[in-house]
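Engineer: After the sequence you'll find the predicted model.
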Amino acid sequence: MTVEMGLRERKKAATREALRVAAMRLAVEHGVEGVTVEAIAAAAGVSPRTFHNYFPGKEEAIVATLTDGARAVIEGLRLHPAEEPVWDALRTVIVGIMLPPETRDETIALMRVVKANPALVAQQMCGIGEMEREVAEIIAARTGTDPDRDLYPHLVAGAAGMAMRAAVDLWVEGMTGTDLPDLVDEAFAQLRAGLPPPRTARDA
């Protein structure tokens, strides 16, 4: 019975992955307006009815690559050693789920599509907001604070989410010449230092 359930879950995961990839690639190739649920389902080799077993609509499928990353942060933090300082744990988990180099160009193209579409931006922000709420609960449990009463876990979770978004936005624009994990490292280092003003030529 356990083996049978394991096979069923693997098949479901494979179907969702096929839909996610199809949605991402179609959005990059044709734009959001040129994508339909039917087209995504056909590209993944399933029916539109099956599509709706996994995603409410095309927007959720298109941004699944990004919201899945947020979910991976939550799961990674839950599994991380509780004794590690919060900022160290967040930095390790977030850098650990950074996208592999072979998906770089496709992911950048997807992020540009998302940034240009208000509906997709809203969908992505909902996923990030949910991530920050769950991360705040994990941080509260590790720091002995109350997520319903204390600011600390929410401030840390919000700052971590903003650091990740800022690093990703700069990476997508491609003007820094820096890899995404290095940008995230730098963002977390600046947060931990209290965001001191940067030195300028005038200060030197």
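Structural biologist: Structure received.
Engineer: just for this protein, where's the confidence low?
Structural biologist: For the chain, the stretches with pLDDT under 70 are 1-5, 99-102, 200-204.
Engineer: now the helices for it?
Structural biologist: 2-30, 37-44, 48-51, 58-62, 64-79, 86-96, 104-115, 118-143, 152-173, 180-192 (DSSP state H).
Engineer: Identify, out of those, the most deeply packed stretch.
Structural biologist: The highest mean neighbour count among these, using mean count of other CB atoms under 10 Å, belongs to helix 58-62: a mean of 23. No exception for glycine: its C-beta is placed from N, CA and C like everyone else's.
Engineer: Alpha carbons of that one, as CSV, please.
Structural biologist: Extracted in CSV, the C-alpha atoms of helix 58-62 (Å, rounded to 0.1, in the frame of the first residue of the first chain):
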residue,chain,number,x,y,z
LYS,A,58,-3.3,30.1,-15.8
GLU,A,59,-1.8,32.9,-13.6
GLU,A,60,-1.1,30.5,-10.8
ALA,A,61,0.5,28.0,-13.2
ILE,A,62,2.7,30.7,-14.8
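Engineer: domain ranges for this protein?
Structural biologist: 2-58, 63-192 (automatic domain parsing).
Engineer: Could you point out which of these sits nearest Pro198?
Structural biologist: Closest to Pro198 of those, according to CB to CB: domain 63-192, at 8.8 Å.
Engineer: and the helices of the chain as TSV, adding distance to Pro198?
Structural biologist: Output for those, formatted as TSV (distance: least, CB to CB, whole Å):
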stretch	distance to Pro198
helix 2-30	35
helix 37-44	44
helix 48-51	47
helix 58-62	36
helix 64-79	27
helix 86-96	20
helix 104-115	26
helix 118-143	26
helix 152-173	14
helix 180-192	9
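Engineer: quick one, which of the ones you listed is nearest to Arg199?
Structural biologist: For the helices of the chain, distance to Arg199 was read as CB to CB. The smallest value, 12.6 Å, belongs to helix 180-192.
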